[in-house]
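can you look at this prediction? I've put the sequence above it.
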Amino acid sequence: QAEHIGSLTLIVWLAVIACVEWLLTGSLILCTSTNSALTTTVVGVLKGLLAVALGMVLLGGMGPKGASPLALVGIAANCAGGVWYAIVKSMASRGASGSGRIGKPG
């Protein structure tokens, strides 16, 4: 059951994943401190859409006959939810700033 727990391959992959996660978290913090939170949200939504599309193509989500209708409905719901969230956050940001513009006033 747990025979691979101490294997070198597992330890190397865990170290690689930890380093990549550290870089991802650092870049997210840097992006948020450099840009607005709204910009970070929109970029995150776009990244999610790209990840879904690449995952379908590269990881076998698209079979020989294409994706199943249920998979397409799920992907569409996921993408629509991400876009809806970004729009709601944008509208909330506009309301909080009072200027009707996204970004810094002035």
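Yep, that arrived.

tell me how far Ser36 lies from Val42.
According to Cβ to Cβ, to the nearest Å, Ser36 stands 9 Å off from Val42. Any C-beta I mention is one placed from the backbone N, CA and C, and that applies to glycine too.

again with Gly74
23 Å.

comparing these two, which residue is more hemmed in?
Legend: neighbour count by other Cβ atoms under 10 Å for Gly74 and Val42, higher for Val42 (19 against 13).

the more buried one and Tyr85 touch, don't they?
No. Taking Cβ atoms under 8 Å as the definition, Val42 is not a contact partner of Tyr85, at 10.0 Å.

looking at the protein, which helix is longest?
helix 69-97 (DSSP state H).

tell me which residues in that one are buried?
Residues of helix 69-97 classed as buried by neighbour count (16 or more other Cβ atoms under 10 Å): 75, 82, 86, 93.

can you name every helix or strand that that helix contacts?
helix 37-58 (3 or more Cβ pairs under 8 Å, 6 or more residues apart in numbering; DSSP states H and E).

report how many residues lie close to Val45.
Applying other Cβ under 10 Å, we find 19 residues neighbouring Val45.

wait, it touches Tyr85, no?
Yes. The pair Val45 / Tyr85 is scored as a contact, 7.1 Å apart, by Cβ under 8 Å.

nice, that's everything, thank you.
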